[in-house]
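Enquirer: the sequence isn't on hand, but the structure is:
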């Protein structure tokens with residue numbers, strides 16, 4: 001599916017797919033200035049960053065809208081997985097320097113500037129896939145890495161060039177990049193401000209998959225999101241939790257945590273449904289509880 005064909009409202013992009021409506025937490029459907037939000041596949045929410053003149057540069061108003069849209073999809077009973085993307089030219093070309101440049105230490109520290117930019121991994125329980133095309137620099141690279149799964153096209157352009165501005169990554173870039181690609185590569189990239197390609201991201205283990213074209217990248221992300229959304233939401237939530245916990249615990253503690261969550265799923269209706277369907281060679285009809 002082409003990004004240019006994705007409309008900002010909830011629409012039916014395929015006549016063979018029943019129309020889906022996102023159940024937002026507010027009585028009326030919110031209006032977004034810097035995002036396009038839709039549900040192009042069953043169970044899949046799509047959020048597109050939309051500041052075309054600024055190459056989707058990140059600034060606080062956009063981030064606040066993004067957090068609201070992510071929370072809305074996370075609370076929706078219709079959505080099982082979210083895809084986050086930008087345009088084919090830029091996922092997000094960085095943070096908006098105009099917002100940052102005049103700030104003093106007291107203003108930045110006192111207001112916890114960009115703390116709200118880390119809402120994706122902290123607030124969202126359902127899986128999120130970032131589909132990265134074009135530039136993903138600075139805050140854009142950090143945002144892409146916050147997703148649970150990162151897909152990109154070969155021509156994607158990643159980087160943490162903050163050193164060129166006299167600062168360092170501030171939204172998790174030094175931490176997530178180092179965990180994903182190792183200290184030596186991350187140190188070189190952050191100290192030099194050098195960019196790296198989508199193919200590099202895949203070869204180094206940052207991206208789960210790499211695609212030849214932006215169109216294939218977005219379609220691939222939507223395909224995977226649709227697959228994830230077709231499973232038990234309880235099991236998917238648990239799977240995301242145990243994988244994330246592996247980053248905080250040693251192997252022994254992590255395996256024990258995993259086992260406890262595994263045991264807990266035997267109290268769900270979906271576990272009974274899934275195993276019964278498997279034994280009877282039928283498709284499971286999940287109830288998500």
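Expert: Perfect, I can see it now. All values reported here derive from a predicted model rather than from experimental measurement.
Enquirer: okay, strands next: where are they in the stretch 151-289 of the chain?
Expert: 157-159, 195-197, 209-211 (DSSP state E, counting those that start in this stretch).
Enquirer: most packed of those?
Expert: When the strands of the stretch 151-289 of the chain are scored by mean count of other Cβ atoms under 10 Å, the highest mean neighbour count falls to strand 157-159 (a mean of 23). All C-beta atoms are positioned from the backbone trio N, CA, C, and that covers glycine.
Enquirer: ok, that one: who's next to it in the sheet?
Expert: Here strand 157-159 is paired, per DSSP bridges, with strand 135-137 (parallel), strand 195-197 (antiparallel).
Enquirer: so where is the chain shaky, pLDDT-wise?
Expert: 1-30 (pLDDT under 70).
Enquirer: kindly recompute the last result at 80.
Expert: Scanning the chain for pLDDT under 80 picks out 1-30, 100-101, 103, 108, 111-122.
Enquirer: okay, now the domains of it?
Expert: The chain breaks down by the TED database into domains covering 35-230, 233-280.
Enquirer: out of the ones you listed, flag the one nearest residue 288.
Expert: With Cβ to Cβ, the closest approach to residue 288 among these belongs to domain 233-280: 4.2 Å.
Enquirer: can you give me the end-to-end span of the closest one?
Expert: Start-to-end span of domain 233-280 (Cα to Cα, to the nearest Å) is 22 Å.
Enquirer: is the closest residue to residue 123 other than its chain neighbours within a helix or a strand, and which one?
Expert: Nearest non-adjacent residue to residue 123, counting by Cβ to Cβ, 6 or more residues apart in numbering: residue 71, 6.2 Å away. Element membership for residue 71 (DSSP states H and E) is helix 60-75.
Enquirer: for that helix, which positions count as buried?
Expert: 62, 63, 65, 66, 67, 68, 69, 70, 72, 73, 74 (16 or more other Cβ atoms under 10 Å).
Enquirer: quick check on residue 43: phi, psi?
Expert: phi 80, psi 10 (degrees, to the nearest 10).
Enquirer: which residues does the closest residue to it other than its chain neighbours contact?
Expert: Closest residue in space to residue 43, ignoring its immediate chain neighbours: residue 229 at 2.9 Å, by Cβ to Cβ, 6+ apart. Taking Cβ atoms under 8 Å, 6 or more residues apart in numbering, we find residue 229 in contact with 41, 42, 43, 44, 79, 80, 81.
Enquirer: can the strands paired with strand 157-159 go into TSV with extra columns for distance to residue 178?
Expert: TSV is the format used below for the strands paired with strand 157-159 (distance: least, Cβ to Cβ, whole Å):
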stretch	distance to residue 178
strand 135-137	17
strand 195-197	14
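Enquirer: compare these and give me the one nearest residue 275.
Expert: Across the strands paired with strand 157-159, closest to residue 275 is strand 135-137 (Cβ to Cβ), at 41.1 Å.
Enquirer: coming back round to it: how about the strands of the stretch 151-289 of the chain in TSV, adding distance to residue 225?
Expert: Below are the strands of the stretch 151-289 of the chain laid out as TSV (distance: least, Cβ to Cβ, whole Å):
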stretch	distance to residue 225
strand 157-159	21
strand 195-197	24
strand 209-211	13
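Enquirer: which one of the ones you listed lies closest to residue 137?
Expert: strand 157-159 (4.8 Å).
Enquirer: distance between the closest one and the chain's centre?
Expert: Centre-to-centre, strand 157-159 and its host chain are 16 Å apart (Cα atoms, centre = their mean, to the nearest Å).
Enquirer: do the same with stretch 194-203
Expert: What separates the centre of stretch 194-203 from the centre of its chain is 18 Å, taken as Cα atoms, centre = their mean.
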